[in-house]
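# got a structure for you, letters missing:
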């Protein structure tokens, strides 16, 4: 790490604090159905290269989901 010899600098640590009231409020919105995720397309695990190409073209609408295993297991 290099520090500037011309400008005084002080190194400090930054620790973020979670505001649980915000997290609880978000959880309440999700549980009530006010926040809904839109799934644009689902890909099987063997289709990951196609999914990446699809994202690179930036023509996706909604979230792209990689299905690791079927719900039939």
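Yes, it's here. All values reported here derive from a predicted model rather than from experimental measurement. Residues are numbered from 1 along each chain as shown.
# So which residue is dead centre in the protein?
Centroid check for the chain by CA atoms, centre = their mean gives residue 63 as the closest residue, at 10.1 Å.
# hey, what's it bridged with?
Counting by DSSP bridges, residue 63 forms beta bridges with residue 39.
# Now for it: which residues touch it?
37, 38, 39, 40 (CB atoms under 8 Å, 6 or more residues apart in numbering). C-beta: built from backbone N, CA, C; applies to glycine.
# Can you tell me how far the third one is from residue 62?
In other words, residue 39. Between residue 39 and residue 62 the distance is 5 Å, computed by CB to CB, to the nearest Å.
# residues shared between the contacts of the two?
By CB under 8 Å, 6+ apart, residue 39 and residue 62 have no common neighbours.
# What are the boundaries of the helices in the protein?
20-32, 48-57 (DSSP state H).
# in this structure, which ranges drop under the pLDDT threshold?
1-9, 11, 16-19, 60, 70-73 (pLDDT under 70).
# Would you check how far apart residue 29 and residue 38 are?
16 Å.
# ugh, wrong one, residue 57
Taken as CB to CB, the span from residue 57 to residue 38 is 18 Å.
# Could you do residue 51 as well?
To residue 38, residue 51 is 16 Å away according to CB to CB.
# and those two? which has more neighbours close in?
residue 51 (18 against 7; other CB atoms under 10 Å).
# That one and residue 66 touch, don't they?
Yes: checked against CB atoms under 8 Å, the pair residue 51 and residue 66 is within contact range at 6.3 Å.
# Mind listing the shared neighbours of these two?
Shared contacts of residue 51 and residue 66 (CB under 8 Å, 6+ apart): residue 43.
# before we move on, back to that, name the nearest of the contacts of residue 63 relative to residue 13.
residue 37 (34.3 Å; CB to CB).
# okay, now the closest one: neighbour count?
Applying other CB under 10 Å, we find 8 residues neighbouring residue 37.
# try residue 15
Per other CB under 10 Å, the neighbour tally for residue 15 reads 4.
# in stretch 36-50, what counts as buried?
residue 43 (16 or more other CB atoms under 10 Å).
# How far does that stretch stretch from one end to the other?
Chord length of stretch 36-50, first to last residue, is 25 Å (CA to CA, to the nearest Å).
# That's all I had, so thanks and see you.
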